[in-house]
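Trainee: Build the 3D model from these lines:
(chains A and B)
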Amino acid sequence: MDYQLLADLLFPNVTETPDDVEAKFPPRQLPEGAKVTRFAPSPTGFVHFGGLFPSTICERLAHQSGGVFMLRIEDTDAKREVEGAAEGLIRTLAHYGIHFDEGAVIGEDGKICDRGNYGPYCQSQRGPIYHVFAKKLVSEGRAYPVFTTQEELDALNAVDKKAEIKAKDWHEDQSAQREAMRKAREITLDEVKAHLAAGDPFVLRILADGDPEKKTPFTDLIKGKLEIPENDEDFVLLKSDGIPTYHFAHAVDDHLMGTTHVIRGEEWLPSLAKHIMLFRYLGFRLPKFMHIAQIMRLDENGNKKKLSKRDMGANMDDYSRMGYDPACVCEYIMTLLNSNYEEWHAQNADKPYTDFPFNIKKMSSSGCLFDFDKLNDVSKNIISRMSAEEVTEKVTAWAMTYDPDFGKLLAKAPAFTESIFAIGRGGKKPRKDLATWADAKPYMGFFFDEIFTIEDAYDERFDKADVKAALNGFLATYDPADDMTVWFDKIKAIAREIGYADDMKAYKANPEAYRGNIADVSMFLRVALTGKLNAPDMYAVMQVLGEARVRARIEKMRDSL
RNA sequence: GGCCCGUUGGUCAAGCGGUUAAGACACCGCCCUUUCACGGCGGUAACAGCAGUUCGAUUCUGCUACGGGUCACCA
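Mentor: Next up, the predicted model:
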């Protein structure tokens, strides 16, 4: 077989040589130790947690080492592509602080375009480049065309299915598909010419020379030492539309773009043998690999499953809707990424997570379960350290899109809103009421007359006359100018007047001697003012509410009894 | 089923041949407290199993079990 002739037959329009292409992608001039990484999603939908996770690692590793972080769009499967997905991906990633040095970006016109010297960064636009290397492989006898159509393939599949040959038997060499594949290798030049003359489409398959009985030692930066069985599968390099498969595009692109570290999910481990073979055939130096463990979820049987789209907590856009601040999500990701992050953060509370010395060695090799409890805890801590001004701004912004009526209420009175969020904020032991912006409304919505309602009722064991007397007593002595001590002394006095204990210790020592206690009196006021049994510090609440609202709410409650 | 990866409390995890096997979240109790939230103190709870190497295995090796992944002209 004259491979050069075959190559010319298959790729008549390819005139460039691999060297010509290489010349356009010169080695990068970067400082020692700089890492070049890339996030390479296929534009088939939204960003999900399982995608944000590795992209954070790529970003950290590149930027921490003074390297380059790229975005490559793997749009090689037109069938699965979703309109506008790439743009959405970029926006969502940016929302989570993932910014790229080069790659696909959103241009002024809102469309995807390139930034950087190693593009194009959308694989669909790199066709000619792949073909140069495909031609090279053919000319060296390491790849061959297969003219079997999809229909014929489906038919073979049906034959196997009928013969009950399952995937497990596939390697037993009994299947019709396997048989056909073996024959396809023996195609002659004349047959190729005939097919080409007839305009038949073909796929390009690699001619695998591996022996799966032989293992190649391989070191993965996360998994450690591995044994990879050699690849013996003639996998597809170019699909019949001339577009490369992931495997081929990965090898060509990561080599040309100068990727030093390939970071991807561990579901790629089984095809690593193919990639090693491709890099060898192509004469490319193998980059370093990090196969990271998948984020898991619990299925209905209590088993761990890979967190995939559709799962609760998968779609990053859902986090926005739920009101999670991106900073909190990033922080949570850091705690999952590096187990020593929390310790570092405790000592460097005011520093951004980008200051943390991220370390590959501290990464777990097994998949972890997504934990909302932990996310919420991380969120509460972060939000508790924000200023009232920042919280006001963020809650308002969130509500404007997800709860517009409430948002408008907040936007109408920003100073009032800020004074609400200032309650219990600042200081050494700040309140931790909010894990999400959506938590704000149930927490402090009662401040607004427009949505204030009485949610909790008084316990029936209390005499309505007592409640009424307490409320009236308060109204009679209330002075918003009182400091907290004077204010509380007045409430104590009211308690005494209606026969309630004004001192909890005395009450606990002898509960039968009283009809109630100071806590009960406080509760009478609290329900009248906030509509709830639980609320932030009542003195602060009254200060923020202002005298008019305080009196109006208490009077209204009194009159309703 | 073949191949590959993994397995320390409910969850995330320290540990890298000798430890009372950290810490965080969750849960429970107590304290603080006019409620809640915060904070403080304390508690329940783990090395998947079996062999082997070793004076000694959570740590090294092998097997088993369990879990995960993968086996496309998808990535």
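Trainee: CA only for contacts and neighbour counts going forward, please
Mentor: Noted.
Trainee: Contacts only, for the nearest residue to A:Ser522 once chain neighbours are set aside.
Mentor: In space, and not counting its chain neighbours, A:Ser522 is closest to A:Ile491: 7.6 Å by Cα to Cα, 6 or more residues apart in numbering. When contacts are counted by Cα atoms under 8 Å, 6 or more residues apart in numbering, A:Ile491 touches A:474, A:518, A:521-522.
Trainee: can you tell me which helix or strand A:Ile491 belongs to?
Mentor: Using DSSP states H and E, A:Ile491 sits in helix A:484-497.
Trainee: One more: A:Tyr539?
Mentor: If you go by DSSP H and E, A:Tyr539 is part of helix A:538-545.
Trainee: tell me what that helix is packed against?
Mentor: Counting contacts by 3 or more Cα pairs under 8 Å, 6 or more residues apart in numbering; DSSP states H and E, helix A:538-545 is packed against helix A:414-421.
Trainee: can you list the residues of the stretch 201-350 of chain A near RNA strand B?
Mentor: With Cα under 7 Å from any atom of the strand as the criterion, the stretch 201-350 of chain A meets RNA strand B at residues A:202-203, A:223-224, A:226-229, A:235-236, A:238-241, A:244-247, A:266-271, A:294, A:303-306, A:335-339, A:343.
Trainee: From A:Leu410, how far out is A:Thr453?
Mentor: In this structure, A:Thr453 and A:Leu410 are 17 Å apart, going by Cα to Cα, to the nearest Å.
Trainee: higher neighbour count, those two?
Mentor: Ranked by neighbour count (other Cα atoms under 10 Å), A:Thr453 and A:Leu410 place A:Leu410 first, with 23 against 16.
Trainee: Now do that one against A:Glu227, distance only.
Mentor: 60 Å.
Trainee: quick one, strands of the stretch 301-450 of chain A?
Mentor: A:304-306, A:368-369 (DSSP state E, counting those that start in this stretch).
Trainee: okay if I get the ones you listed as a markdown table plus mean neighbour count and mean pLDDT?
Mentor: Shown next, in a markdown table, are the strands of the stretch 301-450 of chain A (neighbours: other Cα atoms under 10 Å; pLDDT from 0 to 100):
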| stretch | mean neighbour count | mean pLDDT |
| --- | --- | --- |
| strand A:304-306 | 16 | 80 |
| strand A:368-369 | 16 | 90 |
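Trainee: what mean pLDDT would you report for stretch A:552-559?
Mentor: Mean per-residue pLDDT for stretch A:552-559: 96.
Trainee: A:Arg285: neighbour count?
Mentor: Neighbour count of A:Arg285, defined by other Cα under 10 Å: 12.
Trainee: buried set for the very next helix or strand once past the helix holding A:Ile491?
Mentor: Going down the chain from helix A:484-497, the next helix or strand is helix A:504-509, by DSSP H and E. Neighbour-count burial for helix A:504-509, with 16 or more other Cα atoms under 10 Å as criterion, is recorded at A:Tyr507.
Trainee: So which residues make contact with the next helix or strand after helix A:504-509?
Mentor: Using DSSP H and E, the helix or strand that directly follows helix A:504-509 along the chain is helix A:518-530. Under the contact criterion Cα under 8 Å, 6+ apart, helix A:518-530 has outside partners A:446-447, A:452-454, A:456-458, A:467, A:470-471, A:491-492, A:495, A:500-504, A:532-535, A:538, A:550, A:553-554, A:557.
Trainee: Drop anything exposed from the residues you listed.
Mentor: Applying 16+ other Cα under 10 Å to those flags A:446-447, A:453, A:458, A:467, A:470-471, A:491-492, A:495, A:500-502, A:532-533, A:535, A:538, A:550, A:553-554, A:557 as buried.
Trainee: nearest spatial neighbour of A:Ala470, skipping sequence neighbours?
Mentor: A:Ile494 (6.1 Å).
Trainee: now check the helix or strand that contains A:Arg178, is it near RNA strand B?
Mentor: Element membership for A:Arg178, per DSSP H and E: helix A:176-184. No - for helix A:176-184, no contact with RNA strand B is found by Cα under 7 Å from any atom of the strand; the gap never falls below 9.1 Å.
Trainee: and what of stretch A:363-377?
Mentor: Yes - under the criterion of Cα under 7 Å from any atom of the strand, RNA strand B is reached by stretch A:363-377 at A:363-371, A:373-374, A:377.
Trainee: which of those residues sit farthest apart?
Mentor: Taking Cα to Cα as the measure, these span a maximum distance of 24.4 Å, between A:Ser365 and A:Asp377.
Trainee: give me the low-pLDDT residue ranges for chain A?
Mentor: Counting by pLDDT under 70, the low-confidence segments of chain A come to A:162-174.
Trainee: thinking again about what came up before, tell me which of the strands of the stretch 301-450 of chain A sits nearest to A:Thr76.
Mentor: strand A:304-306 (24.0 Å).
Trainee: The closest one - contacts with which helices or strands?
Mentor: Against strand A:304-306 (3+ Cα pairs under 8 Å, 6+ apart) you get strand A:295-298.
Trainee: Need the contact partners of the strand it packs on.
Mentor: The contact list for strand A:295-298 (Cα under 8 Å, 6+ apart) reads A:49-50, A:304-307, A:367-370.
Trainee: Can I get those residues in a markdown table including distance to A:Glu179?
Mentor: A markdown table is the format used below for these (distance: Cα to Cα, whole Å):
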| residue | distance to A:Glu179 |
| --- | --- |
| A:Phe49 | 41 |
| A:Gly50 | 38 |
| A:Lys304 | 37 |
| A:Lys305 | 35 |
| A:Lys306 | 34 |
| A:Leu307 | 37 |
| A:Gly367 | 38 |
| A:Cys368 | 41 |
| A:Leu369 | 42 |
| A:Phe370 | 44 |
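Trainee: Which parts of chain A belong to which domain?
Mentor: The record assigns chain A these domain ranges, following automatic domain parsing: A:3-15+A:126-292, A:297-384, A:388-447, A:464-560.
Trainee: Output the ones you listed in TSV; the columns should cover distance to A:Pro54.
Mentor: Putting those into TSV (distance: least, Cα to Cα, whole Å) gives the following:
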stretch	distance to A:Pro54
domain A:3-15+A:126-292	7
domain A:297-384	9
domain A:388-447	24
domain A:464-560	40
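Trainee: which residues touch the nearest residue to A:Leu286 once chain neighbours are set aside?
Mentor: Nearest residue to A:Leu286, sequence neighbours excluded (Cα to Cα, 6+ apart): A:Phe279, at 6.3 Å. Neighbouring residues of A:Phe279 by Cα under 8 Å, 6+ apart: A:251, A:285-286.
Trainee: Mind picking the two most distant members of the contacts of A:Ile491?
Mentor: For the contacts of A:Ile491, with distances taken as Cα to Cα, the pair at the greatest spread is A:Phe474 and A:Ile518 (12.9 Å).
Trainee: From A:Pro217, how far off is A:Gly50?
Mentor: Using Cα to Cα, A:Gly50 is found at 28 Å from A:Pro217.
Trainee: So for the two, which sits in the more crowded spot?
Mentor: Applying other Cα under 10 Å to A:Gly50 and A:Pro217 shows that A:Gly50 carries more neighbours, namely 21 against 11.
Trainee: doesn't A:Arg310 make contact with the more buried one?
Mentor: No - A:Gly50 is not in contact with A:Arg310 according to Cα atoms under 8 Å; the separation is 11.9 Å.
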